[in-house]
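**Student:** using only what follows, build the 3D model:
(chains A and B)
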2 protein chains.
Amino acid sequence: MKLLSLLSTFLKDDQISVNATVLEQHSKDESYHTPHDPDVVVFPRTTEEVTKIMQTANDLEVPVIPFGLGSSLEGHVIPYHGGISIDFQLMNKILEVRPEDFLVRVQPGVTRSQLNKELKKHGLFFTVDPGADATLGGMAATNASGTTSVRYGVMRDQVRDMEVVLADGRIIHTGSMTAKSSSGYHLNGLFVGSEGTLGTFTELTLNVYGIPEATLAGRMVFPSIEKAVTTVTNILHAAIPVARIELVDARSVQQVNKTNETNYLEKPTLFVEFHGNEAGLKQDVSFAKSIAQDNDCEEFIFEQDTKKRALLWEARHNLAYSFSHGSPGKKMMVTDVCVPISELTGAIVDARKAIKTNGLDGALLGHVGDGNYHAIVMIDPTDSEELDRAMKLNQHLVHYALERGGTCTGEHGVGTGKAQYQQKEHGPALGVMKSLKLTLDPKGILNPGKIFAIDRVPN
Amino acid sequence: MKLLSLLSTFLKDDQISVNATVLEQHSKDESYHTPHDPDVVVFPRTTEEVTKIMQTANDLEVPVIPFGLGSSLEGHVIPYHGGISIDFQLMNKILEVRPEDFLVRVQPGVTRSQLNKELKKHGLFFTVDPGADATLGGMAATNASGTTSVRYGVMRDQVRDMEVVLADGRIIHTGSMTAKSSSGYHLNGLFVGSEGTLGTFTELTLNVYGIPEATLAGRMVFPSIEKAVTTVTNILHAAIPVARIELVDARSVQQVNKTNETNYLEKPTLFVEFHGNEAGLKQDVSFAKSIAQDNDCEEFIFEQDTKKRALLWEARHNLAYSFSHGSPGKKMMVTDVCVPISELTGAIVDARKAIKTNGLDGALLGHVGDGNYHAIVMIDPTDSEELDRAMKLNQHLVHYALERGGTCTGEHGVGTGKAQYQQKEHGPALGVMKSLKLTLDPKGILNPGKIFAIDRVPN
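**Tutor:** Below you'll find the model as predicted:
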């Protein structure tokens, strides 16, 4: 009650909600993780309002959970300790496009498709493309990536500067507008991927790129996953600059055909794309083709037609959702490990076995040029036996990766789902992370319980 | 005395030196900054020895300053508060090359030329190339970059993992061996560029790249600096993927000709390089040529010959040293601001004026594709009037950059030389940096006074 009356001193009535439906909408993400309601949802319009929200929360020791579109996959936005869910949907302005500087300044509620629509007018594009049409604030919070990171890098690589509101209401900038800097500590790097546990983002300055002169995209079909993955590693070793190289296994292609108007061969397939100039692309593609053929490639089809190319990537992007929509009542568990490239073939073969061993129906797909791959498994979270088998699969894949120099999450982030693996992955570095957290958030109000538990949690 | 006797309990006699010459060698870097001796220089061979050195220093509250080759340019390695200079020359092993994973594991004392010599056997190369043949530990400490960062990124982009010894002797790993990760806080980012103030690096896992199939390099000569810089921005906007694009002004070309067996036209010149496949390169170069011609390019010469190409880049790399060796008794001041590309032409024209206004003989050159440029000025640091004019130039360039969204240091780091600009550049974020420093180094023993002063400095 005290919280609500304090919030209403600087927010309008329509910026504060305790409506049951609104609370429920902010109780969950896209994943299997158990929902939990916040106490209140607020909709700030300005950095000043976010500052006052943070100060109020800090004074009262109430948790604060930033919320974009709720498309996270590891429970990041779920308010397990109640508190204030800050929904950034009203802070969705593209503040500035600077084509000459290849940068854009946006509010955190802007989505990647909204940004790309605007950038297209300037011959530019934003590269990071997770499965969901997530908000850029959310993507920075989880250090998201996608199909193009093999060429252009992950979210962290795109952030030049952020305006961040700290737990105590201080407003800082984490970088500058320049392409590079050696000045001071790299706060950009620290805050990107901090999942709302160190501060709340209110503005982002991001790298954008010129739309390449020419693009070629296509599919390569293989008799086995091993042959497909070996082709990926061979292409990388040949230093052919692929812009995208995605594995979709037979089960995934089946789902693509089911949901789209395609009749792709239902075998392990690589979806690939090359960016460059016409002459260079022809040579890249012919080199890639000869490598694929050495690995018994059965079909090598490049889509010249813009529509067919768009369909290819749309099908790939919507793959997770097509599983999800094809299994009403079920929830998605998506594993997300990443391994060094030399371990990739072994890891994917092992993952296929582990899906079978655990009696699950799962697809394997991923950004294999980075060593990052996902198993998608649809489960009924109320069926504890099925959930248990899915958790065992997840755990198996994580341990397999960690034992080979890998990471428990390549791009989805930790949230609550990967918190249990942080000690194993980071060892004594986890202690350093916790001490940084307590330095910046001594009362532990910022998205408590995410990434790791700390001793101090607000009531 | 107590310090020396404690150090000698775990280091051999030849690993500890208080010899006056050795102390003097560790009292300075390549710059104009005033030297100051350490109390002792140690030469550890293992991480365990570094750990014991750190614990000893922390117990006695004695400063610790990591030392690579002393090629820093802002006084980073100068022990202004005395203490222990840790020289990493005995920790210079290339521990592992993993060609399949495009990574290498090295000790901090390995130099970039030593690494590249080894990598060549595997068809690989390490991209970051500062002017000096610095150690990789030192390059990570300052987040160094060079001529190729416009294409491949800076030092921070190459670090996958580091082994770091903290002030209290804890050993942590800051990342993993994977190409990407969203697990935990990005300690890689925080420690790279921390200039020895947060911990000491004892091992680095770095990205390496396949040597490109084809390389073309050349020179473009222009009637004015404006025309040269406009060509750079036009090439970037055309999304031609240059691997290197370096400005050397008329004064710099004059120095190149003086020191090398070249007779390049002594006018503003761009040194450029393209990496890719043969067909793609031809198209890139012809596109670049048409852009240059639109900007009144007077000479467009591509060096087909490997030797001529090597000479071109050797001349560029040795430029700072050729100034330095051409002015015996004088010391080098190199400015290092970086601005958004849209501000580059204005900034360089202004810098040329400011050199003149301050009555100095200075060359302008830089990594203009990143917006990063240097004025090189030779000064007699004992001539306080000349030093004062050089400081005024430096300050003028920094303020010009900061007022336009730039940074006071694009690649050399802060050290002591840029400490005075940290408040202006970072504002309230500087408070965050200081609190992170005190969390990890509560006694303030780690390279005290560098980047910023903190209240607590060891005796």
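
**Student:** how about the residues of the stretch 251-400 of chain A by chain B?
**Tutor:** Those residues of the stretch 251-400 of chain A that sit near chain B, judged by CB under 8 Å from any CB of the partner chain, are A:276-284, A:287, A:336, A:338-342, A:370-372. For the C-beta atoms, the positions are set from N, CA and C on the backbone; glycine is no exception.

**Student:** go with 6 Å
**Tutor:** In this structure, the stretch 251-400 of chain A approaches chain B at residues A:276, A:277, A:279, A:280, A:283, A:338, A:340, A:341, A:342, A:370, A:371, judged by CB under 6 Å from any CB of the partner chain.

**Student:** buried subset of these?
**Tutor:** Neighbour counting with 16 or more other CB atoms under 10 Å in any protein chain shown marks A:276, A:277, A:279, A:280, A:283, A:338, A:340, A:341, A:342, A:370, A:371 as buried within those.

**Student:** just the pLDDT for the closest residue to the first one other than its chain neighbours.
**Tutor:** In other words, residue A:276. Counting by CB to CB, 6 or more residues apart in numbering or on different chains, the nearest residue to residue A:276 once its immediate chain neighbours are dropped is residue B:280, at 5.8 Å. With respect to pLDDT, residue B:280 has a value of 90.

**Student:** secondary structure class for residue B:280?
**Tutor:** helix (DSSP: H, G, I helix; E, B strand; the rest coil).

**Student:** quick one: residue A:358 from chain B, how far?
**Tutor:** Separation of residue A:358 from chain B (CB to the nearest CB, to the nearest Å): 23 Å.

**Student:** can you get me a residue count around residue A:156?
**Tutor:** By other CB atoms under 10 Å in any protein chain shown, 25 other residues sit near residue A:156.

**Student:** list the contacts of the closest residue to it other than its chain neighbours.
**Tutor:** Computed as CB to CB, 6+ apart, the closest residue to residue A:156 that is not its neighbour in sequence is residue A:192, at 4.3 Å. Residue A:192 makes contacts with A:140, A:143, A:156, A:159, as judged by CB atoms under 6 Å, 6 or more residues apart in numbering or on different chains.

**Student:** one more: residue A:450?
**Tutor:** A:195, A:197, A:415.

**Student:** got JSON lines for these, with secondary structure too?
**Tutor:** Conversion of the contacts of residue A:450 to JSON lines gives the following (three-state DSSP):
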{"residue": "A:195", "secondary structure": "coil"}
{"residue": "A:197", "secondary structure": "coil"}
{"residue": "A:415", "secondary structure": "coil"}
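
**Student:** and the helices in the stretch 251-400 of chain A?
**Tutor:** Listed from the start of the chain, the stretch 251-400 of chain A has helices (DSSP state H, counting those that start in this stretch) covering A:278-294, A:306-317, A:319-325, A:344-357, A:384-402.

**Student:** quick check: the residue nearest to residue A:177 when sequence neighbours are not counted vs residue B:431, distance?
**Tutor:** The shortest distance from residue A:177 to any residue that is not its chain neighbour, by CB to CB, 6+ apart, is 3.4 Å, and that residue is residue B:405. Taking CB to CB, to the nearest Å as the measure, residue B:405 falls 21 Å from residue B:431.

**Student:** more crowded one of these two?
**Tutor:** A count of neighbours by other CB under 10 Å puts residue B:405 above the other of residue B:405 and residue B:431, at 20 against 15.

**Student:** residues contacting the closest residue to residue A:176 other than its chain neighbours?
**Tutor:** Taking CB to CB, 6+ apart, and ignoring the residues beside it in sequence, residue A:176 has residue B:407 as its nearest neighbour in space, at 4.7 Å. Residues near residue B:407 by CB under 6 Å, 6+ apart: A:176, A:178, A:181, A:183, B:338.

**Student:** are we agreed that the first one is in a strand?
**Tutor:** No - according to three-state DSSP, the state of residue A:176 is coil, so it is not within a strand.

**Student:** what's around it, how many residues?
**Tutor:** In terms of burial, residue A:176 registers 26 neighbours under the definition other CB under 10 Å.

**Student:** got the confidence number for it?
**Tutor:** Taking residue A:176 on its own, its pLDDT is 97.

**Student:** and the gap between it and residue B:233?
**Tutor:** As defined by CB to CB, residue A:176 lies at a distance of 19 Å from residue B:233.

**Student:** residue A:4: what secondary structure?
**Tutor:** Three-state assignment for residue A:4 (three-state DSSP): helix.

**Student:** now do it: how many residues are near it, please.
**Tutor:** When counting by other CB under 10 Å, one arrives at 12 neighbours for residue A:4.

**Student:** tell me who's in contact with it.
**Tutor:** When contacts are counted by CB under 6 Å, 6+ apart, residue A:4 is found next to no other residue.

**Student:** give me the distance between it and chain B.
**Tutor:** Applying CB to the nearest CB, one obtains 30 Å for the distance of residue A:4 from chain B.

**Student:** list the contacts of the residue sitting nearest the centre point of chain A.
**Tutor:** Most central in chain A under CA atoms, centre = their mean is residue A:144, positioned 3.2 Å from the mean C-alpha point. In this structure, residue A:144 makes contact with A:130, A:155, A:411, judged by CB under 6 Å, 6+ apart.

**Student:** roughly how far does it sit from residue A:157?
**Tutor:** 11 Å.

**Student:** go on, residue A:44?
**Tutor:** 28 Å.

**Student:** higher neighbour count, the two?
**Tutor:** Under the criterion of other CB under 10 Å, the comparison of residue A:44 against residue A:157 puts residue A:44 first, with 24 against 20.

**Student:** now that one. Nearest residue, chain neighbours left out?
**Tutor:** Here the residue nearest residue A:44, using CB to CB, 6+ apart, is residue A:50, at 4.9 Å.

**Student:** mind putting the contacts of residue B:407 into a markdown table with distance to residue B:441?
**Tutor:** As requested, the contacts of residue B:407 are exported to a markdown table (distance: CB to CB, whole Å):
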| residue | distance to residue B:441 |
| --- | --- |
| A:176 | 25 |
| A:178 | 28 |
| A:181 | 22 |
| A:183 | 19 |
| B:338 | 28 |
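
**Student:** restrict the contacts of residue A:144 to those near chain B?
**Tutor:** Cross-checking the contacts of residue A:144 against chain B (CB under 6 Å from any CB) gives residue A:411 as the overlapping residues.

**Student:** residue in the stretch 51-200 of chain A with the shortest distance to chain B?
**Tutor:** Using CB to the nearest CB, the closest approach of the stretch 51-200 of chain A to chain B is made by residue A:189 at 2.2 Å.

**Student:** can you tell me the helix or strand for residue A:164?
**Tutor:** Using DSSP states H and E, the element containing residue A:164 is strand A:159-165.

**Student:** outside of that strand, which residues touch it?
**Tutor:** A:50-51, A:54, A:171-177, A:188, A:191-192, A:199-205.

**Student:** of those, which belong to helices?
**Tutor:** A:50, A:51, A:54, A:188, A:191 (DSSP state H).

**Student:** which one of those is nearest to residue B:228?
**Tutor:** When the ones in helices among the contacts of strand A:159-165 are compared for distance to residue B:228 (CB to CB), residue A:188 wins out at 30.5 Å.

**Student:** residue A:174 is in contact with the closest one, correct?
**Tutor:** Yes - using CB atoms under 6 Å as the test, residue A:188 is close enough to residue A:174 to be in contact (4.7 Å).

**Student:** could you tell me the least trusted of the helices of the stretch 251-400 of chain A?
**Tutor:** By mean pLDDT, the lowest-scoring of the helices of the stretch 251-400 of chain A turns out to be helix A:319-325, with a mean of 82.
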